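> quick one, structure for this:
(chains A, B, C and D)
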Protein chains: 2
Amino acid sequence: MSRIRHLSGRVFEKLLKESGVDVFNGAQGRILYVLWEHGQLTITEIGRLTSLAKTTLTSMLDRMEAGGLIERIPDKRNRRQVFISVTEKAKGYREKYDLISDKMSEIFYDGFTDDEIIGFENQLRRIIKNLEKEGV
Amino acid sequence: MSRIRHLSGRVFEKLLKESGVDVFNGAQGRILYVLWEHGQLTITEIGRLTSLAKTTLTSMLDRMEAGGLIERIPDKRNRRQVFISVTEKAKGYREKYDLISDKMSEIFYDGFTDDEIIGFENQLRRIIKNLEKEGV
DNA sequence: ATAGTATTGTACTATATAGAACTATACAAT
DNA sequence: ATTGTATAGTTCTATATAGTACAATACTAT
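Numbers count the residues shown, from 1 in each chain, chains lettered A, B, ... in the order given. Next up, the predicted model:
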């Protein structure tokens, strides 16, 4: 499992490069993805949706902000929190990102029947539940 | 898949801690595991078996050597390569590690039949092959 | 109002990971 | 023997990740 995660990360980076996407990488792609799906999010919410620690996000969002992909928008109602919003530039990459995700699935499940994929993904969900029971 | 890897990493670290193992972590455990299985290995071979880049291994093995878990043994036949060998200290942890691995499997596959586990792991191997075909 | 507690995000630090460039060595073709 | 190429590992650099400690702010109970 660990090897798969590892290898798939590297394959995904390669696909991004081949598609000429050099403004963000796999991890940043996942952050953009949840932002595309949900619109504005606070850093804590992004952490919950991506399973990344907030300390990881601070520096990651720094780099993404420097690259013009996201903006930090202070919340006037609650001055502790900051909304993260995607820029127009980042919006322009969404379609390309979806294509790469599809391509990734094709590579991953090459030779699998539809039923096998469904069964496999159900088993993944069962494993997630098993792990979550451990309360980590 | 990414969430499972993330969660299982945390569960594994927790089990290590609960067992009082604080001299190595999950990633280092995987390296020790392939060394226990195969005996002496070169760095390139460890990289192949763990899917870690050799640049990653250089610094990881530095830390493990400093922690007295492994030794670097120059190959006299081929002076380019270096054998990595586990120390007696590391050997003492094998039994504990195996127990933790078993416990990990129990948590992971809770509710799975033996056939389901066999089928699932075959599918994992197929996915690894699919990803390796990409030559990353 | 105030004191205590919870939350939100950041700074600092350590480790993990890998790409690019490099050195040293081995091998292969002539 | 020489020259070119492949292999093994390290150094240097950049990014990714998270733990600890912290500051600022919000909330809650009195």
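
> which residues of chain A fall in helices?
Taking DSSP state H as the test, the helices found in chain A are A:2-18, A:26-38, A:43-50, A:54-66, A:88-91, A:94-108, A:114-132.

> and those, which one is worst for confidence?
Of all the helices of chain A, helix A:2-18 carries the lowest average pLDDT, namely a mean of 82.

> packing partners of it?
For helix A:2-18, the elements it packs on are helix A:26-38, helix A:94-108, helix B:2-18, helix B:114-132, judged by 3 or more C-beta pairs under 8 Å, 6 or more residues apart in numbering or on different chains; DSSP states H and E. Placement of C-beta: from N, CA and C, glycine included.

> which one of these lies closest to DNA strand D?
Proximity to DNA strand D (C-beta to the nearest atom of the strand) singles out helix A:26-38 among those, at 3.5 Å.

> residues touching the closest one, excluding its own?
With C-beta atoms under 8 Å, 6 or more residues apart in numbering or on different chains as the contact definition, helix A:26-38 has outside contacts at A:9, A:12-13, A:16, A:24, A:41, A:45-46, A:49-50, A:52, A:57, A:60-61, A:63-64, A:69-70, A:84-86, A:90-91, A:93-94, A:97, B:2.

> let's see it at 6 Å
Contact partners of helix A:26-38, identified using C-beta atoms under 6 Å, 6 or more residues apart in numbering or on different chains, comprise A:9, A:12-13, A:49-50, A:64, A:86, A:90, A:94, A:97.

> ok, now stretch A:52-62?
Residues from elsewhere that reach stretch A:52-62, judged by C-beta under 6 Å, 6+ apart: A:43, A:46-47.

> excluding its backbone neighbours, what's nearest A:Ala90?
Take A:Ala90 and drop its neighbours on the chain: the residue closest to it by C-beta to C-beta, 6 or more residues apart in numbering or on different chains is A:Leu69, 4.4 Å away.

> phi, psi of that neighbour?
Its backbone dihedrals place A:Leu69 at phi -90, psi -30, with angles given as degrees, to the nearest 10.

> what about the closest residue to A:Met104 other than its chain neighbours, how many residues close to it?
Leaving out its chain neighbours, the residue that sits closest to A:Met104 by C-beta to C-beta, 6+ apart is A:Phe12, at 5.8 Å. A count of neighbours around A:Phe12, defined by other C-beta atoms under 10 Å in any protein chain shown, yields 24.

> same question, A:Arg3
A:Arg3: 19 neighbours (other C-beta under 10 Å).

> right, and it touches B:Ser51 too?
Yes: here A:Arg3 reaches B:Ser51: they are 4.6 Å apart, a contact under C-beta atoms under 6 Å.

> would CSV of the helices and strands packed on helix A:2-18 with distance to DNA strand C be doable?
Formatted as CSV, the helices and strands packed on helix A:2-18 follow (distance: least, C-beta to the nearest atom of the strand, whole Å):
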stretch, distance to DNA strand C
helix A:26-38, 11
helix A:94-108, 16
helix B:2-18, 9
helix B:114-132, 12
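
> which of those helices sits closest to A:Arg126?
The minimum distance between A:Arg126 and the helices and strands packed on helix A:2-18 falls on helix B:114-132, with 9.1 Å, by C-beta to C-beta.

> remind me what that closest one packs against, helices and strands.
Under the contact criterion of 3 or more C-beta pairs under 6 Å, 6 or more residues apart in numbering or on different chains; DSSP states H and E, the helices and strands touching helix B:114-132 comprise helix A:2-18.

> okay, angle between the helix it packs on and helix A:94-108 too, please.
Following axes from the mean of the first three to the mean of the last three C-alpha atoms, to 10 degrees, one obtains 140 degrees for the angle between helix A:2-18 and helix A:94-108.

> and helix A:2-18, C-alpha only, in CSV?
Below are the C-alpha coordinates for helix A:2-18, written out as CSV (Å, rounded to 0.1, in the frame of the first residue of the first chain):
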residue,chain,number,x,y,z
SER,A,2,2.8,2.3,0.9
ARG,A,3,4.6,1.5,-2.3
ILE,A,4,1.5,2.2,-4.3
ARG,A,5,1.0,5.5,-2.7
HIS,A,6,4.6,6.3,-3.3
LEU,A,7,4.7,5.2,-6.9
SER,A,8,1.4,6.8,-7.8
GLY,A,9,2.6,10.1,-6.4
ARG,A,10,5.6,9.9,-8.8
VAL,A,11,3.4,8.9,-11.7
PHE,A,12,1.1,11.7,-11.1
GLU,A,13,3.9,14.2,-11.0
LYS,A,14,5.1,12.9,-14.3
LEU,A,15,1.7,13.2,-15.9
LEU,A,16,1.5,16.8,-14.7
LYS,A,17,4.8,17.6,-16.2
GLU,A,18,3.9,15.9,-19.5
